[in-house]
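Sharing a model that was predicted from the sequence below.
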Amino acid sequence: MHQVKMFVQLSDPELVSKLAKLEVLKKFQLVYANEFEPWEAQVAQSGCDIALVELEEFNEQGYNTLNDTDALSHVEFLFLSKGKPNPYLDKLMRDGAGFHCRAPYDLELISETLQDSYELFGEASQSSKAVESSDLDQFGLLVGSSKSMHKLYRTIRKVARTDANVMIIGESGVGKELVANTVHIAGDKPQAPFVAINCGALSPELIDSELFGHVKGAFTGAHRDHQGVFDQAKGGTLFLDEVTEMPLDQQVKLLRVLESGEYRAVGSQQVKHADVRIVCATNRNPQQAIDDGIFREDLYFRLAHFPIRVPPLRDRGNDITGLAEHFLAYRNAQELSHKRIATDALSRIAAYNWPGNVRELKHTIERAMILADDVIKAEHLSLGESVSKSDSNSVDIPTGVSLEELEKAAILKNLEENAGNKTDTAEQLGVSVKTLYNKLEKYSQD
């Protein structure tokens, strides 16, 4: 167990004599206060884990010093006082500073409290890791030090400065939009617009308007002119996410634009010229989508001048724990916190398969930070275990309910669980986004 440092500020000689007899103090590396500067500033600079402070006076300036130097978040205090009411001390305790013992002092209780603190900080330092920085390499918006990621970086750098249309292929959650954005900023016009649109999350009736825009009065509800994404991304990059989920009718129109370079806003006769680089993405196997009849082969060849495959997280080796620490370091910086991560938690993270890839890992760390006090432990990690193995093969199905009603309940329940995300819902249900939209439209008419 590592040596725990304790800052000591005591003024009453009788109290000093009594505390000196406590065996537990011999376990600490003691740092004594000097008489030349306020103890609040000293404890903030001491790098100690625990502070044993006898309080006579404590004012707003002292409170602000502890708060501004972030001492309250990484030092545990044990205050000793005669019990005189002090609003700033009360405020410290509400901020979770630690313990406050009032005279007459129970030395046995103080000893037990210090022992608990010693074990807590000694164990935490030994079995957990402080995470204040990221160790991962970075290229554009991507982070990772594995060979597969460095190969991806080199590929992006080569294609970024060309005019080739790029198709990014990878599982949900691997960071396909970050790859697309990195292709954009590594190119010749990083300051130009980057516009992203999820083809699977749009109503089929609105795709033309979202892609090409519309003029006022083009259809019911068109109260003003609207710029489509081809206009918004002019001179830059247009990112078509989940492009294989685009309805076939719109695929034909997109193909026509790619072939001719021309398009019209809905309700307009004015011909516009497309001036965008197309980067698209899909979590499907494009060839399988073509074979299934949901994606046009000629459109695929137009879009995939240069296909890029993004590795799943499970194939990225030490990047898995590296990303966990990366996300924790950035959250610590954003929240001015100093949360650590236990070695058993890192081991569990490394052993998990991560079907949801980087997105799942990021959300797992964010949830764990909320649940954990100072150290993220294995018990704070939610790793897809809400359904036990014994339950996974058995589902309670009520009798007397039609298949259509069961299907509707399953769709609406999954949609709710995915916060309305239709692409993720369709993927979980094993149907196309178009099928999901058709089902939802039918339910809205019932």
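Structure received.

Can you pull the poorly scored residue ranges out of the stretch 101-250 of the chain?
Residue ranges of the stretch 101-250 of the chain with pLDDT under 70: 122-130.

How is this structure partitioned into domains?
5-130, 147-310, 315-380, 396-445 (automatic domain parsing).

Relative to Leu136, tell me which of these wins on proximity.
domain 315-380 (4.8 Å; CB to CB). To be clear about C-beta, it is placed using only N, CA and C from the backbone, and glycine gets the same treatment.

Tell me the span between the first and last residue of the closest one.
Chord length of domain 315-380, first to last residue, is 24 Å (CA to CA, to the nearest Å).

what distance separates that domain from the centre of its chain?
With CA atoms, centre = their mean, to the nearest Å as the basis, domain 315-380 stands 10 Å off its chain's centre.

coming back round to it: so can I have JSON lines of the domains of the chain showing mean neighbour count and distance to Leu136?
Shown next, in JSON lines, are the domains of the chain (neighbours: other CB atoms under 10 Å; distance: least, CB to CB, whole Å):
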{"stretch": "domain 5-130", "mean neighbour count": "16", "distance to Leu136": "15"}
{"stretch": "domain 147-310", "mean neighbour count": "18", "distance to Leu136": "9"}
{"stretch": "domain 315-380", "mean neighbour count": "18", "distance to Leu136": "5"}
{"stretch": "domain 396-445", "mean neighbour count": "14", "distance to Leu136": "26"}
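
Going along the chain, name the strands of the stretch 1-150 of the chain.
5-9, 29-32, 50-54, 76-81, 98-102, 128-130, 138-139, 142-143 (DSSP state E, counting those that start in this stretch).

hmm, back to that, which stretch among the domains of the chain comes nearest Asp137?
Among these, domain 147-310 sits nearest to Asp137 (CB to CB), with 7.3 Å.

which stretches of the stretch 301-446 of the chain have low pLDDT?
Within the stretch 301-446 of the chain, the stretches with pLDDT under 70 are 385-403, 419, 432-434, 444-446.

Start from the N-terminal end of it and give the helices.
Remark: helices assigned in the stretch 301-446 of the chain by DSSP state H, counting those that start in this stretch are 319-335, 343-351, 357-371, 389-392, 403-417, 422-429, 433-445.

Among these, which comes closest to Lys26?
helix 343-351 (27.8 Å).

So which elements touch that closest one?
Where contact means 3 or more CB pairs under 8 Å, 6 or more residues apart in numbering; DSSP states H and E, helix 343-351 is packed against strand 128-130, helix 319-335, helix 357-371.

on that earlier part again, I'd like the domains of the chain laid out as a markdown table, including distance to Asp137.
Formatted as a markdown table, the domains of the chain follow (distance: least, CB to CB, whole Å):
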| stretch | distance to Asp137 |
| --- | --- |
| domain 5-130 | 19 |
| domain 147-310 | 7 |
| domain 315-380 | 9 |
| domain 396-445 | 30 |
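
nearest to Phe139, of the ones you listed?
domain 147-310 (4.0 Å).

Would you work out how far apart the start and end of the closest one are?
12 Å.

Centre of the chain to it, how far?
The answer for domain 147-310 is 25 Å, by CA atoms, centre = their mean.

And for stretch 66-81?
Using CA atoms, centre = their mean, the offset of stretch 66-81 from its chain centre is 29 Å.

ok, residues contacting it?
7, 10, 15, 40-41, 43-45, 48-56, 65, 89, 92, 95-103, 105, 110, 113-114, 117, 121, 336-338 (CB atoms under 8 Å, 6 or more residues apart in numbering).

try stretch 227-234
By CB under 8 Å, 6+ apart, stretch 227-234 touches 193-195, 197, 209-214, 238, 257, 263, 265, 272, 274-276.

Check the gap between Glu40 and Leu66 for me.
5 Å (CB to CB, to the nearest Å).

just to revisit the earlier point, want to try a markdown table for the strands of the stretch 1-150 of the chain, with distance to Gln227 as columns?
Formatted as a markdown table, the strands of the stretch 1-150 of the chain follow (distance: least, CB to CB, whole Å):
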| stretch | distance to Gln227 |
| --- | --- |
| strand 5-9 | 60 |
| strand 29-32 | 63 |
| strand 50-54 | 59 |
| strand 76-81 | 56 |
| strand 98-102 | 57 |
| strand 128-130 | 49 |
| strand 138-139 | 32 |
| strand 142-143 | 30 |
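
related to what we said a few turns ago, nearest to Arg296, out of the helices of the stretch 301-446 of the chain?
helix 433-445 (13.7 Å).

just to revisit the earlier point, so for Thr343, which of the strands of the stretch 1-150 of the chain sits nearest?
Among the strands of the stretch 1-150 of the chain, strand 128-130 sits nearest to Thr343 (CB to CB), with 6.5 Å.

closest to Gln287 out of the helices and strands packed on helix 343-351?
That would be helix 357-371 among those, by CB to CB, at 21.5 Å.

Name the residue closest to the centre of this structure, please.
Closest residue to the average C-alpha location of the chain: Lys362 at 3.7 Å, with CA atoms, centre = their mean.

Please name the residues that touch it.
So Lys362 contacts Leu323, Phe327 (CB under 8 Å, 6+ apart).

which helices and strands sit right next to whichever strand or helix holds Arg157?
Per DSSP states H and E, Arg157 falls inside helix 147-160. In terms of contacts (3+ CB pairs under 8 Å, 6+ apart), helix 147-160 is packed against strand 138-139, strand 142-143, helix 176-185, strand 306-309.

would you turn those into CSV with distance to Lys253?
Listed next are the helices and strands packed on helix 147-160 as CSV, based on distance: least, CB to CB, whole Å:
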stretch, distance to Lys253
strand 138-139, 35
strand 142-143, 32
helix 176-185, 22
strand 306-309, 23
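
what's the closest of these to Gly293?
Closest among those, using CB to CB: strand 306-309, at 20.6 Å.

Given that closest one, what are its sheet partners and their directions?
Each strand paired with strand 306-309, and its direction, by DSSP bridges: strand 166-169 (parallel).

relative to helix 176-185, how tilted is the helix holding Arg157?
40 degrees (axes from the mean of the first three to the mean of the last three CA atoms, to 10 degrees).

Between helix 319-335 and helix 147-160, find me the angle.
70 degrees.

Need the contact partners of helix 147-160.
Residues from elsewhere that reach helix 147-160 (CB under 8 Å, 6+ apart): 137, 139-140, 142, 144, 166, 179, 182-184, 186-187, 306, 308, 310-311, 315-317, 319.

just the strands in the stretch 151-300 of the chain please.
166-169, 194-198, 237-241, 262-264, 271-273, 277-282.
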